[in-house]
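**Student:** build me a model:
(2 chains)
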Number of protein chains: 2
Amino acid sequence: MSRPSLLVLAADPPPRLGALTGKADVRFTDEARLAGELPRADALLVWDFTSEAVRRAWPGEGSRPRWVHTPSAGVDRLLCPELAASDTVVTNARGVFEQPIAEYVAALVLAMAKDLPATLQRQRERRWQHRETLPVQGSRAVVAGAGPIGRAVAGALRALGVRTAVVGRTARPGIHGGQDLDLLLTRADWVVCAAPLTEATRGMFDARRFALMQPSARFLNVGRGPLVVEADLVAALRDRTISGAALDVFEQEPLPPDSPVWEAPGLIVSPHMSGDTVGWRDRLSEQFVSLFELWAAGEPLPNVVDKERGYVPMHDHAPD
Amino acid sequence: MSRPSLLVLAADPPPRLGALTGKADVRFTDEARLAGELPRADALLVWDFTSEAVRRAWPGEGSRPRWVHTPSAGVDRLLCPELAASDTVVTNARGVFEQPIAEYVAALVLAMAKDLPATLQRQRERRWQHRETLPVQGSRAVVAGAGPIGRAVAGALRALGVRTAVVGRTARPGIHGGQDLDLLLTRADWVVCAAPLTEATRGMFDARRFALMQPSARFLNVGRGPLVVEADLVAALRDRTISGAALDVFEQEPLPPDSPVWEAPGLIVSPHMSGDTVGWRDRLSEQFVSLFELWAAGEPLPNVVDKERGYVPMHDHAPD
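**Tutor:** Numbering: from 1, shown residues only, chains lettered A, B, ... in the order given. Sure, this is the predicted structure:
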């Protein structure tokens, strides 16, 4: 039996794929050659997971890989109607990013509660100015997104004593349904967006929802940029509808140098790094090798994306 | 029976002392008049707890208050040999600062792990530069100081998954003795100083101890400034003996504008605010009123300082 053909979309080769030597015919491609290579591939690794080339190339002519893996949590850049309607299995990197992102959110919440950006500003000015800070224990958070990242975020916040509600698409034990979101927003000190980007969630944090929040509330987005209407957030910060925010993801990445987001008052901007702890590329590659070995052996794959919903359901018996 | 005379050292009156109306003859004093007022006072509230005036005035002539309360955790600014040798009871603010300081340390640890100061710097420059960050879960901390603040810090770090050792003066279950400190320092990613300032601990973090730490280690001080030899810390940061630090307390406070500490590489400077969450003065005053009512009724007081050791022992049966 011939070795399966593995196509890797990668400008720079991933680490540790040598583990597949003898098990796969590995071919590398770039965005320009992707469409021509797809018909010959049994499996596709979208190593350059920020690329939207797969979505563009997929609807073309010829046969298509039976399996596509993206080493990311979100699959929004990958899915197109033709891929969604096909028999091709799509898997993601569930398991790699949850804990780093949860820690990152905890870092931002604590930094805002303890007024750390202002402390660093005064340090640059050599200015000693005592201020009172906010307690985190006993404050309230709502996390939009009930997938593994949202739940890991909730776990980290609860470990700090934050009373945390998680909102998913549908209610289930321990998870609020989407219909509860607006009411929860009115009570929250911290609003964390960790939802998947789908047509149902695009622009979910807009002027109406910022207006529901308390003037003291802080908003954080570690999901995908288009979950938030950036112009509405900038306006909400400028007119003090809310008192602070932190964005790790943006409508356009990299955030353009002339974007008003950079200087919105009370906003912390970070360059889409919340999940990326030292060694993350190695872990992503090792995870792919493990999945490949299951797939090549005909075993069922974990982390299979529900292509209609646009994310990996939590359990077969519990809707997400 | 006459009402006890309560002397309050305070430039500005504390909140909520109206609760003592009819229960005490309250007199306010400033540093200059303190020595003259001491002989007439049954109790002394050192509301201006950063003052060293009590230590200077105490050895004078005349009778002395039978009870002195400081609304702070540390008593280093207060104690003098004559007060230590007297029958006067000294109490502190145990219970007020633990959780805020624990959160503050967690904020600093996470901010350093996630490279937040560099993120804020790049934001000012409108520069998008992805970096990898450090995981906190599974990292190692050592907390010097086994009092309630040190143990609260350890609790917050453990809640984040940090493997945390606590070092006190003497070993007891769950607490390392001081003889273990040097070995623990060689393994720690995070070294947190939350010890009381006594003659035994003054200057405990010096060039020798920084040299024991890993080049990747970060050092944090939320105890008292003189626990650290500041010049040694600045040198350790400049020559990369360690990779970062955060100081909330200093040899001299406010930190003088010309201090080299302000610009030591990798050092976060904050103005002695780690314990001071919104409402802290109210909580300190309410705590004093509760203690006063016990004292006036002849009941035993909590939070009694061991004046020889220089801090409140954890339990009568367990040395600190």
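**Student:** rounded mean pLDDT for stretch A:232-240, please.
**Tutor:** For stretch A:232-240, mean pLDDT rounds to 98.
**Student:** same question for stretch A:10-27.
**Tutor:** Rounded mean pLDDT across stretch A:10-27 is 94.
**Student:** now the terminal residues of that stretch, how far apart.
**Tutor:** Start-to-end span of stretch A:10-27 (C-alpha to C-alpha, to the nearest Å) is 10 Å.
**Student:** that stretch vs chain B: in contact?
**Tutor:** No. Using C-beta under 8 Å from any C-beta of the partner chain, stretch A:10-27 never reaches chain B; the gap is at least 13.4 Å. Where C-beta positions appear, they are placed from N, C-alpha and C, glycine not excepted.
**Student:** tell me how far that stretch is from the chain's mean position?
**Tutor:** 25 Å (C-alpha atoms, centre = their mean, to the nearest Å).
**Student:** buried ones in it?
**Tutor:** The neighbour-count check on stretch A:10-27 (16 or more other C-beta atoms under 10 Å in any protein chain shown) flags A:10, A:14, A:17, A:20, A:24, A:26 as buried.
**Student:** which two in those residues are spaced the farthest apart?
**Tutor:** A:Ala10 and A:Ala24 (14.3 Å; C-beta to C-beta).
**Student:** now do the contacts for the residue at minimal distance from the centre of chain A.
**Tutor:** Among the residues of chain A, the one closest to the centroid is A:Gly223, at 3.9 Å (C-alpha atoms, centre = their mean). Shown in contact with A:Gly223 (C-beta atoms under 8 Å, 6 or more residues apart in numbering or on different chains): A:74, A:144-145, A:149, A:193-197, A:201, A:249.
**Student:** what of A:Pro65?
**Tutor:** A:7, A:38, A:41-44, A:88.
**Student:** nearest to A:Trp67 among those residues?
**Tutor:** A:Ala43 (4.4 Å).
**Student:** residue ranges of the helices in the stretch 151-300 of chain A, please?
**Tutor:** For the stretch 151-300 of chain A, applying DSSP state H, counting those that start in this stretch gives helices covering A:181-185, A:207-212, A:230-238, A:280-296.
**Student:** make JSON lines out of the ones you listed and add distance to A:Val105 and mean neighbour count.
**Tutor:** Below are these laid out as JSON lines (distance: least, C-beta to C-beta, whole Å; neighbours: other C-beta atoms under 10 Å in any protein chain shown):
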{"stretch": "helix A:181-185", "distance to A:Val105": "17", "mean neighbour count": "17"}
{"stretch": "helix A:207-212", "distance to A:Val105": "19", "mean neighbour count": "16"}
{"stretch": "helix A:230-238", "distance to A:Val105": "17", "mean neighbour count": "19"}
{"stretch": "helix A:280-296", "distance to A:Val105": "17", "mean neighbour count": "18"}
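**Student:** any chance of a markdown table for those, columns distance to chain B?
**Tutor:** A markdown table is the format used below for the helices of the stretch 151-300 of chain A (distance: least, C-beta to the nearest C-beta, whole Å):
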| stretch | distance to chain B |
| --- | --- |
| helix A:181-185 | 22 |
| helix A:207-212 | 21 |
| helix A:230-238 | 14 |
| helix A:280-296 | 7 |
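**Student:** hmm, back to that, which of the contacts of A:Pro65 are buried, as a PyMOL select command?
**Tutor:** Selection of the buried residues among the contacts of A:Pro65 in PyMOL, burial being defined by 16+ other C-beta under 10 Å:
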select buried, chain A and resi 7+38+41+42+43+44+88
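**Student:** and of the contacts of A:Pro65, the nearest to chain B?
**Tutor:** Using C-beta to the nearest C-beta, A:Leu44 comes nearest to chain B of the contacts of A:Pro65, at 24.2 Å.
**Student:** that closest one contacts A:His69, doesn't it?
**Tutor:** Yes. At 7.3 Å, A:Leu44 counts as touching A:His69 under the criterion of C-beta atoms under 8 Å.
**Student:** could you pull out the strands for the stretch 51-200 of chain A?
**Tutor:** Here the stretch 51-200 of chain A has its strands, by DSSP state E, counting those that start in this stretch, at A:67-69, A:89-91, A:140-144, A:163-167, A:190-193.
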